[in-house]
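Enquirer: I'll drop the sequence and a predicted model, then ask my questions.
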Amino acid sequence: MTITIHNTDKMVELQADPDGRVVVGARLWEGHTESGIAVHVLVVRLLVDEKDRQEEFERELQETRPCTPAGSSIPMRLIL
């Protein structure tokens, strides 16, 4: 499967264990599959292989779109 995603301005906190002791920040990305199915992706870390292009990547990463209403209303029970 291939998905195309873009980053949004929405940040969320994910509880990494049932007791809520470990909290991890994530950014919501939105997009679609090749067949057009809408997806929401929570990205915790994003790495760049090409060290010499790190600064360019970081500039592009700052360009965000507003989160759609569908992305704003994701129930926390659906977040693993």
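Expert: The structure has been received and is ready for your questions.

Enquirer: What are the contacting residues of the biggest helix by length in the chain?
Expert: Ranked by residue count, the top helix of the chain under DSSP state H comes out as helix 54-61. Identification of contacts with helix 54-61 by C-beta atoms under 8 Å, 6 or more residues apart in numbering yields Asn7, Leu46, Val48. For glycine as for every other residue, the C-beta is placed from the backbone atoms N, C-alpha and C.

Enquirer: Same check on stretch 36-52?
Expert: Here stretch 36-52 makes contact (C-beta under 8 Å, 6+ apart) with 3, 5, 7, 12, 14, 24-33, 54, 57, 61, 70-71, 74, 79.

Enquirer: which residues in this protein form helices?
Expert: Along the chain, counting by DSSP H, helices occupy 54-61, 69-72.

Enquirer: Averaged pLDDT, the shortest one. What do you get?
Expert: Computed over helix 69-72, the mean pLDDT rounds to 79.

Enquirer: For that helix, output the C-alpha coordinates as CSV.
Expert: Provided in CSV are the C-alpha atoms of helix 69-72 (Å, rounded to 0.1, in the frame of the first residue of the first chain):
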residue,chain,number,x,y,z
PRO,A,69,-12.7,18.8,10.9
ALA,A,70,-12.4,15.0,10.5
GLY,A,71,-8.9,15.0,12.0
SER,A,72,-9.9,17.3,14.8
